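[1] Make a model of this:
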Amino acid sequence: MRLILALDALLVEKSVNGAAARLGLGAPAMSRLLKQIRELYGDQILVRTAQGMIPTPFAESLRLRVRAVASEAEDLTSPVTERPLRQIPEWKAVPIVDVVPLGYRPKNRLEGQPLPIHHARRLASIGHNADPMQRLAKHIATTAAGVGSSRPLDAEEAQEAFSIILEGDADPAQTGALLATMHYRGLTAGELAGFVRASRQHIDAPDVGAGIVDLDLPIYLSPRSTAMPWLMQAGKLLAQSGIRVLLHGFGKEIDQGKLEAAASGIGIPVCTSMEAAPQVVETHGIGFMPLTAMTQRMPHLPLLYRLFQMRTPVNLMLHLLNPLGAPASLLGVAQPANQLLHRDTAHAAGLPNLAILGSVRDVGEFNPYRPTTIYRLVDGKPSEVFVPSVPEPRLDGSTGLTSLEYWQGVWENRVRDERPRQIVIDTAAAALLSMRPQHTAFDDLRDEAAALWRRRRIKG
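    Numbering: from 1, shown residues only. Next up, the predicted model:
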């Protein structure tokens, strides 16, 4: 019972210190209780993320049952009559862990106030045959009903919720409520995997490993970004070596056509639809597919940034969309905690091989001028590769070219700048790493990519 009450407090507070204060214990004692709970269940219970400590999916599955048991324990142990004092034996010892008091909840709970279990039963009464808006409301209430009555969605629930949004059956207020509350409380890998599955189903994406493409390169630049898409040049480099590559990202409706212009500038064809994309890649070895070519319903969701001034789970999900089912992907993820989240999500969504780079812009471009840990998924198993930095060359002065002209000039050798050239080469090396499960020697892949750069065809 002591562990159950400690688990209840941890799930409510999402903090060892907060749970200790709630139960009147010291933080070391609560840490020892958390360790015992983890050993009992074989689960981490609480994990650290960018939003702080959040419960694991397993811990969330216990939340309502634990609250119900803890609440019942309080009622059962409330004193009715005075009990005689227990005789203290002569032989006594100081306990290692203080006993958790049972009656720690406020005593002013209203008579007949619904318990968390009642809330769970009410939501459970909304079945799969209910109206889509009612089913989505159920999922919103599940994740946002307040302390003690809410939990993250599991993968199947998140998939159903996002499918309702993608099919156009949700009220706009529901869409905003779900995305904002999920972002606020911190995404789980199960929730994000559910979003990925719903999106792939919505665009009728082929199964992973279907043999259409070899490498998936998401490139969702912020519409306000002034950065140049060097990832596209890395993709072109690999395509010329016989690797079938699909790039996908925002289209002109969001980024004013920046990526389409860049693609055309170095001879990457633009795919106009999901149906046309396989033939484009088969013919040219590479293609760029705007988000609007996949679906008309999804592109408006990233634009919610203008209303919220924050990214939503949709922005994270797009990097794992893998629209043509490539067996390997290269991602860029800015937040360190989200790097592990994306890797766990890829595993849950059935994406077997992945390389994740730290990036200030959430684009898979390698920065060779700072130490980098590449987070990998290798045949479904996590691993890491550490790459030390290389000396950074001196920045060249102004060239008098526009950013697009400069970007094309690097590819065509009209601009001699060592810095972006090395970024392209190392990005190509990281992509090769994602495709070769047993390879860990990054220097060898860097040399291979450098040879591809020297042999590249500037036209065609």
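
[2] Could you point out the helix or strand that follows the lowest-mean-pLDDT helix or strand in the chain?
    Within the chain, no helix or strand scores below helix 116-124, which has a mean of 58 by mean pLDDT, DSSP states H and E. Using DSSP states H and E, the helix or strand that directly follows helix 116-124 along the chain is helix 132-144.

[3] Span of stretch 431-446 from start to end?
    Chord length of stretch 431-446, first to last residue, is 10 Å (Cα to Cα, to the nearest Å).

[4] and it, how far out from the chain's middle?
    Distance of stretch 431-446 from the chain centroid (Cα atoms, centre = their mean, to the nearest Å) equals 23 Å.

[5] Counting neighbours, show which residues of that stretch come out buried.
    Within stretch 431-446, the residues that qualify as buried by neighbour count (16 or more other Cβ atoms under 10 Å) are 431-435, 437, 440, 442, 445-446. For the C-beta atoms, the positions are set from N, CA and C on the backbone; glycine is no exception.

[6] Relative to residue 1, how far out is the closest residue to residue 152 other than its chain neighbours?
    In space, and not counting its chain neighbours, residue 152 is closest to residue 188: 4.6 Å by Cβ to Cβ, 6 or more residues apart in numbering. Look at residue 188 and residue 1: by Cβ to Cβ, to the nearest Å, they are 28 Å apart.

[7] And residue 294, by the same measure?
    Residue 294 is 53 Å from residue 1, by Cβ to Cβ.

[8] With neighbour numbers in mind, choose between the two.
    residue 294 (24 against 12; other Cβ atoms under 10 Å).

[9] ok, now which ones touch the residue lying closest to the more buried one once chain neighbours are set aside?
    Spatially, and ignoring its direct neighbours in sequence, residue 294 is nearest to residue 203 (4.6 Å; Cβ to Cβ, 6+ apart). Neighbouring residues of residue 203 by Cβ atoms under 8 Å, 6 or more residues apart in numbering: 274, 294-295, 298, 321, 323.

[10] I'd like those residues written out as JSON lines, with distance to residue 179, secondary structure and pLDDT added.
    Listed next are the contacts of residue 203 as JSON lines, based on distance: Cβ to Cβ, whole Å; DSSP: H, G, I helix; E, B strand; the rest coil; pLDDT from 0 to 100:
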{"residue": "274", "distance to residue 179": "24", "secondary structure": "coil", "pLDDT": "96"}
{"residue": "294", "distance to residue 179": "19", "secondary structure": "helix", "pLDDT": "94"}
{"residue": "295", "distance to residue 179": "17", "secondary structure": "coil", "pLDDT": "89"}
{"residue": "298", "distance to residue 179": "13", "secondary structure": "coil", "pLDDT": "89"}
{"residue": "321", "distance to residue 179": "16", "secondary structure": "coil", "pLDDT": "96"}
{"residue": "323", "distance to residue 179": "21", "secondary structure": "coil", "pLDDT": "97"}
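
[11] just curious, which of the residues you listed is nearest to residue 378?
    Set against residue 378, the nearest of these by Cβ to Cβ is residue 321 (21.0 Å).

[12] Do I have it right that that closest one meets residue 218?
    Yes: counting by Cβ atoms under 8 Å, residue 321 touches residue 218, with 6.9 Å between them.

[13] Check the contact lists of those two and give me the overlap.
    Residues touching both residue 321 and residue 218 (Cβ under 8 Å, 6+ apart) are residue 248.

[14] Now do the SS call for the closest residue to residue 383 other than its chain neighbours.
    In space, and not counting its chain neighbours, residue 383 is closest to residue 376: 4.8 Å by Cβ to Cβ, 6+ apart. Secondary structure, DSSP: H, G, I helix; E, B strand; the rest coil: residue 376 is strand.

[15] and the gap between residue 376 and residue 385?
    Distance from residue 376 to residue 385, by Cβ to Cβ: 6 Å.

[16] shared neighbours of these two, which are they?
    Here residue 376 and residue 385 have residue 433 as joint contacts, going by Cβ under 8 Å, 6+ apart.
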